[in-house]
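Participant: Here you go, sequence then predicted model.
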Amino acid sequence: MGAVTDDEVIRKRLLIDGDGAGDDRRINVLLKSFTKWCNATGSPEEGFTQYQRMLGTLAQCEFSMGKTLLVYDMNLREMENYEKIYTDIEQNITSAHDKISECKKEIQRAKRIRKNRQEYDALAKVIQQHPDRHETLKQLEALDKELQQLSHIKENVEDKLELRKKQFHVLLSTIQELQQTLESKYDCSLCALLWQDGL
């Protein structure tokens, strides 16, 4: 086997010893001391002294174990606290996403409202360029009256035209009759002159 470096030895001891407080070494020493104390053949004073040392080592081990348990409980509480914080952060992230989504919807609604207002303003400008309903109705009534007057004038003109046509027809008939009368009188006068010349 290759040579073991100091770092590897320290790493193994730390893995075995936990937080490196020497608990494993104390327990080993306590076991050896207990075995030695049980097999001791010395005086009672030495045995009592060794017994007191074992109690001290045992108290240190118990203290270290109590400290380790406290650290363990504290770590559990910290884990619970971290889990709670993690859950809160997750909820906050979800809430933030929801708020962002809602804000996006609000922005879309605001854009739509702004677009509608711009279209409304444009329509209002176009409408303002035209007369209002009351004015339009007045203009329509005036145009209707004017149309009725023009229709009446048209009827009068058509009646007059029809009358003029009849009068013109009568005039033409009269002219023709007059012309025929004149022609017949002229023929009679001519015949009379010719007759007189023959005599």
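Facilitator: Arrived safely.
Participant: what about residue 65, how many neighbours?
Facilitator: By other Cβ atoms under 10 Å, 12 other residues sit near residue 65. For glycine as for every other residue, the C-beta is placed from the backbone atoms N, C-alpha and C.
Participant: which element is residue 170 on?
Facilitator: Residue 170 is part of helix 133-198 when elements are defined by DSSP states H and E.
Participant: what about that helix, average pLDDT?
Facilitator: For helix 133-198, mean pLDDT rounds to 83.
Participant: Just the pLDDT at the residue positioned nearest the centre of the chain, thanks.
Facilitator: For the chain, the residue sitting closest to the mean C-alpha position, by Cα atoms, centre = their mean, is residue 105 at 2.6 Å. Looking at residue 105, its pLDDT stands at 92.
Participant: which strands and helices sit next to the helix holding residue 170?
Facilitator: The criterion is 3 or more Cβ pairs under 8 Å, 6 or more residues apart in numbering; DSSP states H and E, and there are no helices or strands that helix 133-198 contacts.
Participant: Just give me how far the helix or strand residue 120 falls within sits from the chain centre.
Facilitator: Secondary structure here is read from DSSP H and E; on that basis residue 120 sits in helix 44-128. Between the centre of helix 44-128 and the centre of its chain there are 30 Å (Cα atoms, centre = their mean, to the nearest Å).
Participant: Residue numbering should commence at 11 henceforth.
Facilitator: Understood, numbering begins at 11; the last thing we discussed is helix 54-138.
Participant: Now residue 52: phi and psi?
Facilitator: When quoted as degrees, to the nearest 10, the phi and psi of residue 52 stand at phi -80, psi -170.
Participant: May I have stretch 122-130 exported as PDB, CA atoms only?
Facilitator: What follows is stretch 122-130 as a C-alpha-only set of coordinates in PDB (Å, rounded to 0.1, in the frame of the first residue of the first chain):
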ATOM      1  CA  ARG A 122     -56.800  49.500 -27.200                       C
ATOM      2  CA  ILE A 123     -58.500  52.300 -25.300                       C
ATOM      3  CA  ARG A 124     -55.900  54.800 -26.600                       C
ATOM      4  CA  LYS A 125     -56.400  53.500 -30.200                       C
ATOM      5  CA  ASN A 126     -60.200  53.800 -29.800                       C
ATOM      6  CA  ARG A 127     -59.800  57.400 -28.400                       C
ATOM      7  CA  GLN A 128     -57.600  58.300 -31.400                       C
ATOM      8  CA  GLU A 129     -60.100  56.900 -33.800                       C
ATOM      9  CA  TYR A 130     -62.900  58.700 -31.900                       C
END
